[in-house]
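Asker: below are the sequence and a predicted model for it; my questions follow.
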Amino acid sequence: MRETILSMQKIDKRFTGVHALKGVDFDLRAGEIHALVGENGAGKSTMMKALTGIFPKDSGEIHYLGKLYNPRGPKEALSRGIGIIHQELNMMDHLTVAQNIFIGRESTRGKGLFLDDKLQNQKTEQLFKRLNMNIDPKETLGNLTVGKQQMVEIAKAVSHNLKILILDEPTAALTETEINELFTIMRDLASKGVGMIYISHRMDEIGMITDRVTVMRDGENAGVGDTKELSKEDIINMMVGRVIYEDPKQQSNVSKDAEVVLRVKNLNAGKLVKNVSFDLHRGEILGFAGLMGAGRTETARALFGADKIETGTIEINGRPVRISSPMDAVHHGIGYLSEDRKRYGLAVGLSVTENAILASYDDFEQGMFVHKKKVADITKEYVETLKIKTPSVEQLLKNLSGGNQQKVVIAKWLIKNSDILIFDEPTRGIDVGAKSEIYTLMNELVEQGKSIIMISSELTEVLRMSDRVIVMCEGQITGTLDIKDASQKEIMKYATKRD
């Protein structure tokens, strides 16, 4: 049995109107990779914020390396060997790799009067050698892939002589190759005695990389077990208190004579949309699959007017349309749920109501003002319809979980009465319970006659939800599959096909 380096006992935390942690226990051993899982809002982030000193716990005790531990902030936690890699990277793109790693701890010469870039680069090289990372310390960070940037952030954390590393959804934006590289580094750190807390919604990865699993539900510890003794279904059941089925769709729900609501012909836009043509039928979920950089998001952005279309035609309900801006797309009944909802889909500093009518202000104008009662009434209607968990429609969006934020984006386009919805990575960063709710909602929307383009990097999601699957590679459509003929193997064959 490895030494226990962290013990959190009966941790309690309340916010206004929310009992976030209810006497939670958690422990971590040296050299262990310990998964911390649960639905959004289950208390995982609150636990880690209490551990890293972002805010104080209300009651309970934390013992770290055998001593009582009460950090006064993340800086103190880091100085004592506890670091966290957030899902959204916190680096400076314009600086070099070495400058990012040692920012605030720069190497100097001449009695501290001058920066010593040469020494700093040498220290970075030594650090990368220890971690088996192949990255140039002198390279500008912004020139690296997201995966490499994440490696740099891990190296930065490790340079503080960590005993505990917390990784929050570390693989959300990584390719399969980059995920394998990350896991290699994690196993190497574990072999050197670093304990890791691994927060993820990806059940398959938890089985591959972790030693133990702690499941949280509604602010409580719902169970702990060795990973090898827990099935995926066991973990999900502990998370949500019910069984969730993820079987692939067996056949299309769309009739062969269904009306074509969107026809795209020979679309070209930038470097990653090359001669793209496809039809979308009423009531259809059309899945777009492919590897990172295949051109799926770029195609969606062109259709929504966010990127300039160079050549090609678009028809909606049989009529040619010109889309040169998102405003044009909205006017023609297209709604777009971006893969980066916080950057492109939401204003997290505004309320649920303000976000819900972002696309529809014109529809609620009363002279120079917005009709507040109508806005409040329709927002409440969709909060109830979509089962959005919020204490009030005036709640700031940043206080909602990821799954509920995603539902607010959907509400925004339903209030605008969009008939064509583009869902780009609709369940990225949300838990299995919220995923299931989003899937149910998507199925209800197509039953009502809406049509959905769904872009997803999760092949299980593509196979579960799609009526047809379009596969892209390097900006081109390389295959179109009826769902009854689709499989992960078949999709990957076309995803790696080059003309």
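Answerer: Right, received. Where do you want to start? Numbering: from 1, shown residues only.

Asker: where does the prediction get shaky in the stretch 101-250 of the chain?
Answerer: 111-112, 173, 241-246 (pLDDT under 70).

Asker: repeat the analysis, applying 90 as the threshold.
Answerer: 101-120, 127-135, 141-162, 168-182, 184-185, 188, 200-205, 217-219, 231-250 (pLDDT under 90).

Asker: just the CA coordinates for the helix or strand hosting A98, please, in PDB.
Answerer: According to DSSP states H and E, A98 maps onto helix 97-101. Only the C-alpha atoms of helix 97-101 are listed here, as PDB (Å, rounded to 0.1, in the frame of the first residue of the first chain):
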ATOM      1  CA  VAL A  97       8.000  28.200 -24.000                       C
ATOM      2  CA  ALA A  98      10.800  28.800 -21.500                       C
ATOM      3  CA  GLN A  99       9.500  32.300 -20.600                       C
ATOM      4  CA  ASN A 100       6.000  30.800 -19.900                       C
ATOM      5  CA  ILE A 101       7.500  28.100 -17.700                       C
END
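
Asker: so how far is that helix off the chain centroid?
Answerer: Centre-to-centre, helix 97-101 and its host chain are 25 Å apart (CA atoms, centre = their mean, to the nearest Å).

Asker: one more: stretch 4-20?
Answerer: Distance, stretch centre to chain centre, for stretch 4-20: 25 Å (CA atoms, centre = their mean).

Asker: need the contact partners of that stretch.
Answerer: With contact meaning CB atoms under 8 Å, 6 or more residues apart in numbering, stretch 4-20 is reached by 21-30, 43, 46-47, 50-51, 55, 57-65, 163-164, 195, 219, 391. All C-beta spots, glycine's among them, are computed from the backbone N, C-alpha and C.

Asker: what mean pLDDT does it get?
Answerer: The average pLDDT within stretch 4-20 is 89.

Asker: buried residues of that stretch, list them for me.
Answerer: 5-6, 8, 11-13, 20 (16 or more other CB atoms under 10 Å).

Asker: so which of those residues belong to strands?
Answerer: 5-6, 8, 11-13, 20 (DSSP state E).

Asker: where do the helices sit along the stretch 201-350 of the chain?
Answerer: With DSSP state H, counting those that start in this stretch as the criterion, the stretch 201-350 of the chain has helices at 203-209, 232-240, 296-303, 326-331.

Asker: which elements pack onto the first one?
Answerer: In terms of contacts (3 or more CB pairs under 8 Å, 6 or more residues apart in numbering; DSSP states H and E), helix 203-209 is packed against strand 33-38, helix 176-191, helix 232-240.

Asker: deepest-packed of these, please.
Answerer: Neighbour counts (mean count of other CB atoms under 10 Å) averaged over each of these peak at strand 33-38, with a mean of 25.

Asker: now it: how far from the chain's centre is it?
Answerer: That offset, for strand 33-38, works out to 17 Å (CA atoms, centre = their mean).

Asker: enumerate every residue touching E205.
Answerer: 171, 179.

Asker: quick check: it vs I185, distance?
Answerer: 14 Å (CB to CB, to the nearest Å).

Asker: in TSV: the helices and strands packed on helix 203-209, plus distance to V321.
Answerer: Output for the helices and strands packed on helix 203-209, formatted as TSV (distance: least, CB to CB, whole Å):
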stretch	distance to V321
strand 33-38	44
helix 176-191	37
helix 232-240	42
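
Asker: V471 is nearest to which of these?
Answerer: With CB to CB as the criterion, V471 lies closest to helix 176-191 of those, at 15.9 Å.

Asker: counting contacts, what elements does that closest one pack onto?
Answerer: strand 33-38, helix 117-131, helix 146-158, strand 195-199, helix 203-209.

Asker: returning to that earlier point: could you dump the helices of the stretch 201-350 of the chain to a markdown table with distance to P320?
Answerer: A markdown table is the format used below for those (distance: least, CB to CB, whole Å):
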| stretch | distance to P320 |
| --- | --- |
| helix 203-209 | 44 |
| helix 232-240 | 46 |
| helix 296-303 | 14 |
| helix 326-331 | 13 |
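
Asker: which non-adjacent residue is nearest A190?
Answerer: G31 (4.8 Å; CB to CB, 6 or more residues apart in numbering).

Asker: A434 now?
Answerer: Counting by CB to CB, 6+ apart, A434 lies nearest to G403, which is 2.7 Å off, once chain neighbours are set aside.

Asker: just A347 next, same as before
Answerer: N355 (6.0 Å).

Asker: state the distance from the nearest residue to A359 once chain neighbours are set aside to E444.
Answerer: Closest residue to A359 apart from its sequence neighbours, by CB to CB, 6+ apart: K416 at 4.5 Å. Counting by CB to CB, the separation of K416 from E444 is 17 Å.

Asker: and for A302?
Answerer: Counting by CB to CB - A302 and E444 are separated by 28 Å.

Asker: now swap in R263 and tell me
Answerer: For R263, the distance to E444 - CB to CB - is 25 Å.

Asker: that older thread, check contacts around the residue nearest to A359.
Answerer: K416 touches 330, 335, 359-360, 363, counting by CB under 8 Å, 6+ apart.

Asker: now the residues you listed as CSV including neighbour count and distance to K271?
Answerer: Listed next are those as CSV, based on neighbours: other CB atoms under 10 Å; distance: CB to CB, whole Å:
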residue, neighbour count, distance to K271
V330, 19, 26
G335, 26, 26
A359, 20, 29
S360, 19, 34
D363, 15, 37
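
Asker: can you put those residues in TSV and add distance to K148?
Answerer: Formatted as TSV, those follow (distance: CB to CB, whole Å):
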residue	distance to K148
V330	36
G335	34
A359	36
S360	41
D363	45
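
Asker: returning to that earlier point: other SSEs contacting the helix holding A98?
Answerer: By 3+ CB pairs under 8 Å, 6+ apart, helix 97-101 packs against helix 117-131, helix 146-158.

Asker: picking that back up, burial count for the residue nearest to A434?
Answerer: G403: 23 surrounding residues under other CB atoms under 10 Å.

Asker: doesn't it fall inside a helix?
Answerer: Yes - counting by DSSP: H, G, I helix; E, B strand; the rest coil, G403 is part of a helix.

Asker: just checking, it touches V432?
Answerer: No - using CB atoms under 8 Å, G403 is not in contact with V432; the gap is 9.9 Å.

Asker: please enumerate the shared neighbours of those two.
Answerer: E39.

Asker: nearest to K380, of the helices and strands packed on helix 176-191?
Answerer: Comparing those by CB to CB, strand 33-38 comes nearest, at 28.2 Å.

Asker: can you give me the distance of K163 to M186?
Answerer: 15 Å.

Asker: do the same with N70
Answerer: 28 Å.

Asker: ditto for D328
Answerer: D328 is 46 Å from M186, where distance means CB to CB.
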